[in-house]
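Novice: need coordinates for the below:
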Amino acid sequence: MRDYGSRLEPDAMELSHPGRMGVALPASGVPPAEAPPPELLRDGLRLPELSQLDVVRHFTRLSQLNWSIDTHMYPLGSCTMKLNPKVNDAIAALPGFAEAHPMQPADDVQGALAVMHGLQEQLAEITGMAGASLAPMAGAQGELAGIRVIKAWLDANGGEKRTRVLVPDSAHGTNPATASMAGFDVVSVRSRPDGDMDLDALRDALERHGHAVAALMITLPSTLGLFDRNIAEIARMVHAHGAQMYGDGANLNAMLGQVKPGDLGFDVMHINLHKTFSQPHGGGGPGAGPIAVKAHLLDYLPAPHVVLQGAPPLHQLEGPDGTSGGSPDAAAPPPPHTQQPRAGGRPSFFPPASASSPAGGAPPLHSVESPPVVSAPPLHSVESPPVVSAPPLHSVESPPVVSAPPLHSVERGPGGEVSTLHPPPSSARYVLNTPKHTIGRMGAFHGNFGVLVRAYAYIRSLGPDGLRAISEAAVLNANYVQARLRGAYDLAHDRTCMHEVVFSGARQKAQGARTLDIAKRMIDYGYHPPTIYFPLVVEEALMVEPTESETKETLDAFCDAMIQIAEEARTQPELLRDAPHTAPLRRLDEAAAARRPRLRW
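Specialist: Residues are numbered from 1 along each chain as shown. I've put the predicted structure just below:
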């Protein structure tokens with residue numbers, strides 16, 4: 001990083017010189033337009049006057065101050081800052097995609113709609129759901145869409161009095177905020193000392209609030225980086241009270257190809273395409289938060305929804321009781337844990353599980369200490385675990401292409417199986433559809449289309465084996481970091497983790513250096529700080545998510561730096577309290593910057 005000493009790159013106004021121009025424009029052949037009304041005009045509006053080279057150098061120097069996954073490891077927990085293959089950017093930039101207009105007739109953009117339809121089907125298959133909507137444009141908006149779908153279904157089926165949503169105490173802050181924005185009251189459910197949800201506390205909340213409970217919102221794996229071993233029992237208890245299971249898909253990267261959330265009992269799930277499916281993100285966007293739902297909720301999906309006219313239906317628009325939607329308080333059984341059969345079937349993106357597998361192929365993860373995602377020995381007992389047989393995802397520009405058929409264009413056999421690869425019938429066409437009882441639109445048009453294209457390309461290029469390899473390598477990397485740093489930092493929960501590991505800086509705080517000081521010192525070592533002080537239930541939390549992209553050499557260098565910082569906290573805590581020492585700016589008054597920002601020069 002360039003060392004600018006005590007000041008940053010000058011702003012554009014400081015570099016400005018009167019009369020300097022970036023480009024000489026020819027005389028306009030268009031008659032001048034009438035000026036706006038005087039009350040809309042401003043006097044003395046200063047704009048920077050720079051040469052073209054000044055502008056290029058100015059923004060290039062600013063870009064060199066940025067932290068980027070292209071230049072550094074980005075261990076932000078719960079953010080999944082992984083490799084973004086550049087081939088996906090190239091595909092999204094193809095003129096047919098990049099220059100499409102959302103108001104074009106459907107017949108003019110069949111290729112774009114085919115991609116959206118294919119992504120809908122892929123996400124539904126990956127999550128074990130009946131269908132998906134691509135309309136939400138961020139994870140938080142996906143949460144709001146999902147919880148509104150639940151509310152709409154409840155209201156239409158006699159559940160208007162269900163006004164409360166249960167949320168674990170380890171949840172993302174967006175979960176209670178989403179429930180509140182949707183008009184629900186939030187009830188917190190505590191976790192056990194081992195990190196799993198406290199079943200007694202859940203049972204008490206369900207019994208105490210009874211038929212007022214609309215849903216449980218839960219992240220799996222949790223924000224503690226743990227797979228809740230009781231998730232199947234949790235789903236059974238929630239459904240037994242007529243409530244719905246909402247899955248926060250922020251951490252789906254840990255489960256790709258290993259288990260389908262729909263098979264575990266989830267009714268709705270939002271998916272962060274910008275995280276799990278490799279979209280460059282940060283600083284507020286761009287993102288996409290599609291939601292996937294079980295069959296009884298399909299009619300309530302947000303609009304628009306892409307359908308293929310003139311082809312066999314891919315699902316039944318039925319409720320769990322076989323009708324157009326069953327009452328949540330009726331005697332009929334609650335929505336089942338396993339995915340319902342669909343008319344016509346769905347071409348499976350993953351090979352079918354053996355007949356002995358429970359819940360439609362999902363391994364009994366609720367009954368094991370750690371899900372069987374890797375074949376390595378217990379990671380807490382080894383210095384460096386053996387490498388799994390996954391392809392080296394961190395070392396390729398674009399993952400290898402596999403032979404998985406495009407899900408939007410397969411031909412089904414008599415039993416719904418994939419028979420051979422063919423384009424859709426010539427009479428078929430993709431159209432934008434509004435579901436019968438839709439909750440409405442989440443934005444003006446069809447979501448962040450460029451993000452959707454990148455996600456589709458990512459899934460298609462990896463295929464089933466590649467998606468499994470992602471989760472295996474992500475879990476392996478996180479457990480390797482846990483094993484290396486176990487002696488230097490306290491562990492929030494000393495058990496096999498999933499895609500991320502949560503440490504506590506409580507020991508260092510007692511020595512005179514807080515978690516914030518550790519994070520600032522990491523900048524001096526060339527690492528972006530991890531997520532800190534979250535989850536809130538962990539004292540002095542440090543959340544590290546290495547993702548599947550990082551090599552063992554990078555992980556070792558990161559862990560070496562963390563171990564050295566822990567030693568500095570023990571012997572020279574003032575070194576951490578004064579960090580960073582090499583950044584263009586030192587410690588900022590972040591509270592004052594948020595409350596009294598300087599927005600003008």
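Novice: so what's the residue count around residue 295?
Specialist: Number of residues near residue 295 (other C-beta atoms under 10 Å) recorded here: 23. No exception for glycine: its C-beta is placed from N, CA and C like everyone else's.
Novice: look up how far residue 291 lies from the closest residue to it other than its chain neighbours.
Specialist: By the measure of C-beta to C-beta, 6 or more residues apart in numbering, the closest residue to residue 295 outside its immediate chain neighbours is residue 130, 4.0 Å from it. With the distance defined as C-beta to C-beta, to the nearest Å, residue 130 ends up 12 Å from residue 291.
Novice: neighbour count: those two, which is higher?
Specialist: More crowded of residue 130 and residue 291, by other C-beta under 10 Å: residue 291, with 33 against 24.
Novice: just grab the bridge partners of the more buried one for me.
Specialist: Beta-bridge pairing for residue 291 (DSSP bridges): residue 133, residue 270.
Novice: that one and residue 131 touch, don't they?
Specialist: No: Residue 291 is not in contact with residue 131 according to C-beta atoms under 8 Å; the separation is 9.6 Å.
Novice: burial count for residue 11?
Specialist: 12.
Novice: now it: how far from residue 590?
Specialist: Counting by C-beta to C-beta, the gap from residue 11 to residue 590 is 20 Å.
Novice: got it, and residue 190?
Specialist: Counting by C-beta to C-beta, the gap from residue 190 to residue 590 is 30 Å.
Novice: and the two? which has more neighbours close in?
Specialist: Neighbour tally, residue 190 and residue 590, criterion other C-beta under 10 Å: the higher count belongs to residue 190, 15 against 9.
Novice: where along the stretch 201-350 of the chain do the helices fall?
Specialist: Here the stretch 201-350 of the chain has its helices, by DSSP state H, counting those that start in this stretch, at 231-240, 273-276.
Novice: now the first one: how far from the chain's centre is it?
Specialist: A distance of 24 Å separates the centroid of the chain from that of helix 231-240, by C-alpha atoms, centre = their mean, to the nearest Å.
Novice: tell me the buried residues in that helix?
Specialist: 231, 232, 233, 234, 235, 237, 238, 239 (16 or more other C-beta atoms under 10 Å).
Novice: can I get those residues in JSON lines including distance to residue 15 and pLDDT?
Specialist: JSON lines is the format used below for the buried residues of helix 231-240 (distance: C-beta to C-beta, whole Å; pLDDT from 0 to 100):
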{"residue": "231", "distance to residue 15": "56", "pLDDT": "97"}
{"residue": "232", "distance to residue 15": "61", "pLDDT": "97"}
{"residue": "233", "distance to residue 15": "63", "pLDDT": "98"}
{"residue": "234", "distance to residue 15": "58", "pLDDT": "98"}
{"residue": "235", "distance to residue 15": "59", "pLDDT": "98"}
{"residue": "237", "distance to residue 15": "63", "pLDDT": "98"}
{"residue": "238", "distance to residue 15": "59", "pLDDT": "98"}
{"residue": "239", "distance to residue 15": "62", "pLDDT": "97"}
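Novice: now those residues as TSV including distance to residue 141?
Specialist: As requested, the buried residues of helix 231-240 are exported to TSV (distance: C-beta to C-beta, whole Å):
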residue	distance to residue 141
231	25
232	29
233	31
234	26
235	25
237	29
238	24
239	26
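Novice: confidence score at residue 11?
Specialist: As predicted, residue 11 sits at a pLDDT of 89.
Novice: that one and residue 62, how far apart?
Specialist: Taking C-beta to C-beta, one finds residue 11 at 10 Å from residue 62.
Novice: likewise for residue 592?
Specialist: Taken as C-beta to C-beta, the span from residue 592 to residue 62 is 23 Å.
Novice: and for residue 114?
Specialist: Taken as C-beta to C-beta, the span from residue 114 to residue 62 is 39 Å.
Novice: which one of the two has more residues nearby?
Specialist: The residue with more neighbours, out of residue 114 and residue 62, is residue 114; 20 against 13, by other C-beta under 10 Å.
Novice: do a quick rundown of the helices in the stretch 501-601 of the chain.
Specialist: With DSSP H, counting those that start in this stretch as the criterion, the stretch 501-601 of the chain has helices spanning 506-510, 515-524, 552-571, 573-577, 590-595.
Novice: residue ranges with poor pLDDT in this structure?
Specialist: 1-7, 283-285, 311-426, 601 (pLDDT under 70).
Novice: phi first, then psi, for residue 76.
Specialist: As for residue 76, its main-chain torsions (degrees, to the nearest 10) stand at phi -60, psi 110.
Novice: now do the contacts for it.
Specialist: Residue 76 makes contacts with 528, 529, 530, 531, 543, 545, as judged by C-beta atoms under 8 Å, 6 or more residues apart in numbering.
Novice: got TSV for those, with distance to residue 257 and neighbour count too?
Specialist: Output for the contacts of residue 76, formatted as TSV (distance: C-beta to C-beta, whole Å; neighbours: other C-beta atoms under 10 Å):
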residue	distance to residue 257	neighbour count
528	28	17
529	31	20
530	26	28
531	25	20
543	24	24
545	18	29
